[in-house]
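**Student:** coordinates only, sequence not included:
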DNA sequence: GTAATTTGCGCAATCGATTGTGCAATATTA
DNA sequence: TAATATTGCACAATCGATTGCGCAAATTAC
């Protein structure tokens, strides 16, 4: 038979004391408020035997603080965001904060609604991977500490942390060109996201810097999904100017590309080369192992939390672009001159 | 310049009314409490122009209800749980509930601590994939609606929903045996989890039913990780009785197995066959495509939420084992008799 | 024209914990 | 011993929204 005290008042009655005293002891304020050692010990003892846990809702209301952080991401089933979420969770746990998890499903309407739900719940801070179509609802006068992840806005002054997507795409594209590829197709994700824009920019810039004619490169696609990678690849294969290499702008798209190629009986890299943005553990297991650009997901999560706490402590923070890692494997063929 | 009313009192003052009236109108109780249409409209109008959002913390306290569900899983970066979480999120959003996400990292201590944190936060319900070492802290007298996912206890009376792991493993093992394999190694995950126990049970039972001598089968490993799959495979390869087939009890282990085989220069299925519990989108892309057992993650998530709401409505629920799907691909060799 | 209804809304308590302030009882000082 | 200082704790307000109950004013009934 378990004895339990549900409220601080119940516990106080058991002790024949006032809730005030109990509260002060349990919050380590005994000394500050001159509670005698004897009383303090009594309280702690009873609190333990009666398994008292203060009602956090009441505390939140009184203290105007919830120890809760809202995490808004497009899709938790995408490994990139899942890993990010894990990193964030681990960091926040260290600080005794909990996560309210919200998938925005890459729908701006949902993003706005969800945001206001989180605000009504008085989260202490927000970590957001915004969709990117609108930014006004994320503006600074929300007054809630906020860090943007993976995607951000020039207009918005909220600090952000993300992979240096431009650099990653530039590097990968340069690599393809150096390997002799002159006909390159880039399959992109959601066009309005920062990540996508910067990757496409890196792709175009590298093509230009290496003097590839614009007519030799293509950018198509519209979604960070397997489906999108699949259908866009099929389209590319039917086009008159079939590319010799495909650059997939995330891991899901890359999977779609591979499906389409496999189905079409084309071999990587003999028939067509492939590079993927986003690394996955199984890429090295493929035949051939897939060349990719690894995003530092754990560091992004860690850094985002660090920045958020800086803001909560009213310290200044600066945005951050973390370096991607280029992982060369065997999915790109060395082309000799025509 | 945005005008905002922070509290119901502020809004009431603007309207020269009492907070009572405002509250009643905004909660759709106008009629019940005989608030005139005129007044009701005035309130709604001002509430909109002043963007009033009631403080949920205060509501939670007063209503003794948080509209929050605690989701405890071992590791959100595992695709199985990530997909599960997504399904749960989508279902809960429909019911205007939010998720407090907690990784237990497969540590029982953390599970216990996290549980009491969630209880102190007065979640309306719990969805838990328990670790399985202890169940007492999850006992029914927590008085919180609760559904166990993926893993469960005979001792615990809380209802659960999971894949029929026994059936899945039995099916896969039978398949291997029918393909002529007589020397089979099973690499398992966390030994005390229900999922693992039942999979191992299915493996053993199938071996017995098909008259495989016990000395021909082996069960080793201790963790649902890539690392574990990798090291256990290397051990198996060095053993005197090298198996002709490996049964990996989850997707992470399967990846580890493939890494080890690749590194050792062994080909699937020519040199050794492989079946994986858990399906992944890229399995069909591998060479050869990997034969696997698919768990219905989305349905598990949906069903868990459905059950949880039944409990919250004081209806009876019965536990559920959902059927896995066997996906035959090309990673198992047909062995002729020796 | 008066009594009985009905309409329309506000008072004050409540949810459970925290905290500024005050007031006895005890201890110290002179 | 009286005056002062210190110790030890409790009262009551507060966070913001909800709700049982009650009380005027307006309406209807007779």
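**Tutor:** Cool, got the structure. Being a predicted model, the structure only gives us computed values, none of them experimental.
**Student:** roughly how far apart are the closest residue to residue A:224 other than its chain neighbours and DNA strand C?
**Tutor:** Counting by CB to CB, 6 or more residues apart in numbering or on different chains, residue A:224 lies nearest to residue A:189, which is 3.6 Å off, once chain neighbours are set aside. In short, each C-beta sits where N, CA and C put it, glycine included. Applying CB to the nearest atom of the strand, to the nearest Å, the value for residue A:189 to DNA strand C is 46 Å.
**Student:** doesn't residue A:221 make contact with residue A:189?
**Tutor:** Yes: with contacts counted by CB atoms under 8 Å, residue A:189 reaches residue A:221, the gap being 6.9 Å.
**Student:** next up, the contacts around residue A:126.
**Tutor:** Neighbouring residues of residue A:126 by CB atoms under 8 Å, 6 or more residues apart in numbering or on different chains: A:69-70, A:72, A:115, A:118, A:142, A:144-147.
**Student:** state the helix or strand in which it lies.
**Tutor:** strand A:125-128 (DSSP states H and E).
**Student:** again with residue A:117
**Tutor:** Going by DSSP H and E, residue A:117 is part of helix A:108-120.
**Student:** in that helix, what's buried?
**Tutor:** Under the neighbour-count criterion of 16 or more other CB atoms under 10 Å in any protein chain shown, helix A:108-120 has A:110-112, A:114-115, A:117-119 buried.
**Student:** check stretch A:319-327 too.
**Tutor:** Residues of stretch A:319-327 classed as buried by neighbour count (16+ other CB under 10 Å): A:320, A:322, A:324, A:326-327.
**Student:** and the strands in the stretch 151-300 of chain A, which stretches?
**Tutor:** Using DSSP state E, counting those that start in this stretch, the strands of the stretch 151-300 of chain A run over A:160-163, A:184-187, A:217-220, A:245-248, A:273-277, A:291-294.
**Student:** residues contacting the closest residue to DNA strand C within the stretch 201-338 of chain A?
**Tutor:** The stretch 201-338 of chain A approaches DNA strand C most closely through residue A:312 (17.1 Å), counting by CB to the nearest atom of the strand. By CB under 8 Å, 6+ apart, the contact list for residue A:312 reads A:124-125, A:145.
**Student:** can I assume residue A:53 is in contact with residue B:115?
**Tutor:** No: shown here, residue A:53 and residue B:115 do not form a contact pair, counting by CB under 8 Å, at 10.9 Å.
**Student:** pretty sure residue A:25 contacts residue A:35?
**Tutor:** Yes: between residue A:25 and residue A:35 a contact is recorded at 5.8 Å, counting by CB under 8 Å.
**Student:** when the two are compared, which one has more neighbours?
**Tutor:** The neighbour comparison of residue A:25 against residue A:35 (other CB atoms under 10 Å in any protein chain shown) goes to residue A:25, with 21 against 18.
**Student:** now the residue lying closest to residue A:243 once chain neighbours are set aside: how far from DNA strand D?
**Tutor:** Closest residue in space to residue A:243, ignoring its immediate chain neighbours: residue A:185 at 3.9 Å, by CB to CB, 6+ apart. To DNA strand D, residue A:185 is 54 Å away according to CB to the nearest atom of the strand.
**Student:** just the pLDDT for residue A:185.
**Tutor:** At residue A:185, the pLDDT value in this model is 98.
**Student:** tell me the contacts of it?
**Tutor:** Residue A:185 makes contact with A:217-220, A:236, A:243, A:245-247, according to CB under 8 Å, 6+ apart.
**Student:** thank you kindly, that will do.
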